[in-house]
Structures are given as C-alpha cells and as structure tokens.
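S.K.: With the sequence up front, the predicted model follows.
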Amino acid sequence: MHDGVLKQRPGSYTRGEDTRRRILDAALEIFAAEGYEGASTRVLAERAGVNLPAIQYYFGNKEGLYRAVIESIIRHKEAHMAPHTAKVKAALADPATPHEALLDLLCEIFESFVDLVSDGQQVESRRLLYARAEIEQTPGLEMLHESGIREIFEPCLALVGRLLGKPVDDPEIVVHTLALFGQVTIFCNKPVRRVLKMPEFTEERATSIRAIIRSHTQAVIRDIARSGK
C-alpha cells in the first residue's frame, strides 16, 4: 500500500500529505471533544472531507489514527522544547556554568511550557485530549508521559539538582522539581482558567503568567539554597 504512494505521479505525494494532515487535524478535534470511545470514524471522515476508506488507507483503523494524533502532539511539543533541552545539556556539561545562568535556564523552560499550552493552532484541543487520555487511559498515553518526562521534567530535575547541590535521585530534589513544575501545569486545567476568568490565553495574560512563574521559581530556589535544605 505504501509502495503505491511512492509510485504516484509528481504532486500526488503532496496531495496525500495534505489529506493525511486534514484527517489528523479533524481527528484531534473529534477525539478531544468526544473521547476515544465516543469518536466515530464516519464523523471523522466527514469532518476531514474524505471518504471512510481514506482513514483505513493512511492509518489502518481508529486506534492507528489516535496514536498518530498522539505522535503529532509529541512532535509538536518536542520541536518546541528542543532548543531549551539542548541549552540545558550544554550548560550542565560545563561545571563552570554560573548558578544564575542555570536558574535562568530553569525559568526559560517553565516560560516556554506556558507558551506551549497557551498558543498555537488547536491548543485547546491538545489540552483537552491530554486530559481525556489521562482519564480514559487511552492508547498512546504512555508515549505522552515518556515524552513529557524526557523533554521537560528530566531537564528541570537536572537543573534543580545542580542548583541545590544534590543528586537527581534525591527524593527532596524530585519533590521540589514537581512542586515547581506544578505552578506551570496548573494552567492546563480548564476549571482553573474559568476561576481566573481566563477561558483563553491572551498575550498580555501569558506575559504576566511567565513573569510571575519566573519570580516564584527564583525565590523558591534561592530560599532553599540559602536554608541548605
């Protein structure tokens, strides 16, 4: 089936990629709104403007399509966070990297995560699908977890450990990192945004949140470092 795609006339591959993308975009919206079990492949096909066999051709079945949506979300997240991950690795590899530079990198990761969950196409659907995946324990959930740990949590953990002079497997370092990260992930929670009368992020509000998170992070790390705990 894939060989047939490769043998198509010039331009057909581009059209095929466009069709695949339209299916993925429609699937993200439907899976986010209806959940994995509630989503109908027929409705998915109608929303994407394709016939039902197109889903089978590109993705095999509903689970294959769902996993492809998850993989697309992961690629988007990893592309967004990759520059920060690279900077963290370089900074940690140099024992002479100043304390303030490491703290700034930690703040940058948190700020970038705010951008990730507050901006871009279909951002609300990505947040909702992730929440549904957690509740429904859907296929691909483990991939989401592994990617988040690898691309976001582990770099933060390494920075906090270095900043506080303790190994990354120290239970207190893990808890400190989780607590710091929690101040960012809370904004993925729709009820919290409703309480804040913030159904959607504006650039002004996102800028304010980034500044507050930076201030909190700096204060917490400096206080812990001073106390020696």
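M.R.: Happy to help now that I have it.

S.K.: For the residue nearest to the spatial centre of the chain, what is the enclosing helix or strand?
M.R.: Geometric centre of the chain, nearest residue: Lys77, 4.4 Å, by CA atoms, centre = their mean. In the assignment (DSSP states H and E), Lys77 maps to helix 62-93.

S.K.: buried sites along that helix?
M.R.: For helix 62-93, burial by neighbour count (16 or more other CB atoms under 10 Å) applies to 62, 65-70, 72-74, 76-77, 80-81, 84-85, 87-88, 91-92. Using the backbone N, CA and C atoms, a C-beta is placed for each residue, glycine as well.

S.K.: What is the helix or strand following it packed up against?
M.R.: Moving toward the C-terminus from helix 62-93, the next helix or strand (DSSP H and E) is helix 99-118. If you count contacts as 3 or more CB pairs under 8 Å, 6 or more residues apart in numbering; DSSP states H and E, helix 99-118 packs onto helix 62-93, helix 154-164, helix 171-185, helix 203-227.

S.K.: what mean pLDDT does helix 99-118 have?
M.R.: The predicted model gives helix 99-118 an average pLDDT of 92.

S.K.: May I have the phi/psi pair for Gly140?
M.R.: Dihedral pair for Gly140: phi 90, psi -10, per degrees, to the nearest 10.

S.K.: Can you dump the C-alpha atoms of stretch 216-229 in PDB for me?
M.R.: The C-alpha trace of stretch 216-229 is given here as PDB (Å, rounded to 0.1, in the frame of the first residue of the first chain):
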ATOM      1  CA  HIS A 216       8.300  32.400  42.100                       C
ATOM      2  CA  THR A 217      10.900  30.000  40.700                       C
ATOM      3  CA  GLN A 218      13.800  32.300  41.500                       C
ATOM      4  CA  ALA A 219      12.500  33.000  45.000                       C
ATOM      5  CA  VAL A 220      12.000  29.300  45.800                       C
ATOM      6  CA  ILE A 221      15.400  28.100  44.500                       C
ATOM      7  CA  ARG A 222      17.200  31.000  46.300                       C
ATOM      8  CA  ASP A 223      15.400  30.400  49.500                       C
ATOM      9  CA  ILE A 224      16.100  26.600  49.500                       C
ATOM     10  CA  ALA A 225      19.800  27.200  48.600                       C
ATOM     11  CA  ARG A 226      20.100  29.700  51.500                       C
ATOM     12  CA  SER A 227      18.500  27.400  54.000                       C
ATOM     13  CA  GLY A 228      20.600  24.400  52.900                       C
ATOM     14  CA  LYS A 229      17.500  22.100  53.000                       C
END
